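Chemist: Predicted model and sequence follow; I will ask about them next.
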Amino acid sequence: MIRATVWAEPLGQMSAHPALRALQEAERARIFTHYPEGIHRVICDGLVHELGAEGSVSTTTLDDCEQGLAPEVLAATDVLVWWSHGRNDELSDEAAERVVRCVRERGMGLIVLHSGIESKPFRQLMGTSCQTERWRHGDDYEAVWTVAPSHAISEGIAPVFVIPHEEMWCEFIDIPVPDDLVFISSFAGGEICRSGCCFRRGKGRIFYFRPGHEAHATFHQAEVRRILANAVRWAYTPAPSPAHFADRWEGKQGSLGWFQREAID
Ligand code: ZN
């Protein structure tokens, strides 16, 4: 069973950033219409519905103990689903480092949504600014195009589907070239951007999904729910067993033929 944890900023608190705060206050009514109990609850409900008996899904938030990312929470997480927007800077460096280490060293999966692209853990894992040069608030539509129809994350998804209302971002977005590009998006103004990107870092798998502005009903949409569940399955990398090398190998040096001896033992 896949243990997924949905981590999010609780939407009750607005950003400290003046421009973002003004925007979020203007959109407050729509935010709470779509996500009255927080965006993490709706993302969690979608995963529970889609994964069924395959998954065990829990939630945690920035305002919880140790910012919702205590070592014991991460230790019990196979795939972490991350939504953040206005409060990215509030995350402590220590919590960000714990997430990065879990991905790289333990193989925890990471699904990063929308403005989580600018979160500390994602930026550290990418090694770039992860910023976009242009964006537009309003009632754009977003057409999501599948460009990797054989990929596990696009399974069951149409060649193109439309999110009726979304925030527009466009290229250039400062991320590394993805290992797999699964979706690209186009918007009402003709803009385009990469919107479904897979990365591998250390032992972990990372999927970035661009849609998910909090004033829109994106996470209620069936296609989006299916994509997130597919991504959780793809990012899940169970620990190899038996750990036939690491458990018995005390030194880090490999003498001639070491792996043959280990295999024979
Ligand atoms: Zn947004």
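Modeler: Now that the structure is in, tell me what you want to look at.

Chemist: going forward, measure contacts and count neighbours with C-alpha atoms only.
Modeler: Will do.

Chemist: Check the gap between the nearest residue to residue 220 once chain neighbours are set aside and residue 17 for me.
Modeler: Counting by C-alpha to C-alpha, 6 or more residues apart in numbering, residue 220 lies nearest to residue 42, which is 7.0 Å off, once chain neighbours are set aside. The gap separating residue 42 from residue 17 is 25 Å, by C-alpha to C-alpha, to the nearest Å.

Chemist: Run through who's touching the helix or strand hosting residue 45.
Modeler: According to DSSP states H and E, residue 45 maps onto helix 39-51. Helix 39-51 is contacted by residues 6-8, 10-11, 35, 55-60, 83, 214, 219-220, 225-226, 228-229 when judged by C-alpha atoms under 8 Å, 6 or more residues apart in numbering.

Chemist: in stretch 208-221, what's buried?
Modeler: Neighbour-count burial for stretch 208-221, counted by 16 or more other C-alpha atoms under 10 Å, picks out 208-220.

Chemist: correction: stretch 82-90
Modeler: 82, 83, 84, 85, 86, 87, 88.

Chemist: Need the residues that contact that stretch.
Modeler: So stretch 82-90 is contacted by 6-9, 14-17, 20-21, 40, 110-116, 118-120 (C-alpha under 8 Å, 6+ apart).

Chemist: Just the terminal-to-terminal distance for it.
Modeler: First residue to last in stretch 82-90 (C-alpha to C-alpha) measures 15 Å.

Chemist: can you check stretch 200-211 too?
Modeler: 21 Å.

Chemist: what residue ranges in the stretch 1-150 of the chain score low on pLDDT?
Modeler: 12, 14 (pLDDT under 70).

Chemist: all strands for it, in order.
Modeler: 2-8, 55-61, 79-83, 109-113, 132-146 (DSSP state E, counting those that start in this stretch).

Chemist: Can you give the strand pairings for the next helix or strand after the longest one, parallel or anti for each?
Modeler: This means strand 132-146. Once the chain leaves strand 132-146, the next helix or strand it forms, by DSSP H and E, is strand 160-173. When pairing is defined by DSSP bridges, strand 160-173 lines up against strand 132-146 (antiparallel).

Chemist: The strand it pairs with: which residues count as buried?
Modeler: For strand 132-146, by 16+ other C-alpha under 10 Å, it's 132, 140, 141, 142, 143, 144, 145, 146.

Chemist: would you turn those residues into CSV with distance to residue 68?
Modeler: Formatted as CSV, the buried residues of strand 132-146 follow (distance: C-alpha to C-alpha, whole Å):
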residue, distance to residue 68
132, 27
140, 33
141, 33
142, 31
143, 33
144, 31
145, 34
146, 33
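
Chemist: mind listing what the closest residue to residue 57 other than its chain neighbours touches?
Modeler: Counting by C-alpha to C-alpha, 6+ apart, residue 4 is the residue found nearest to residue 57 once chain neighbours are left out, at 4.8 Å. For residue 4, the residues meeting the contact criterion (C-alpha under 8 Å, 6+ apart) are 55, 56, 57, 58, 77, 78, 79, 80, 81, 232.

Chemist: Repeat the analysis, applying 7 Å as the threshold.
Modeler: Applying C-alpha atoms under 7 Å, 6 or more residues apart in numbering, we find residue 4 in contact with 55, 56, 57, 58, 77, 78, 79, 80.

Chemist: just these now: which is nearest residue 175?
Modeler: residue 80 (19.9 Å; C-alpha to C-alpha).

Chemist: Count the neighbours of that closest one for me.
Modeler: Using other C-alpha atoms under 10 Å, residue 80 is surrounded by 27 other residues.
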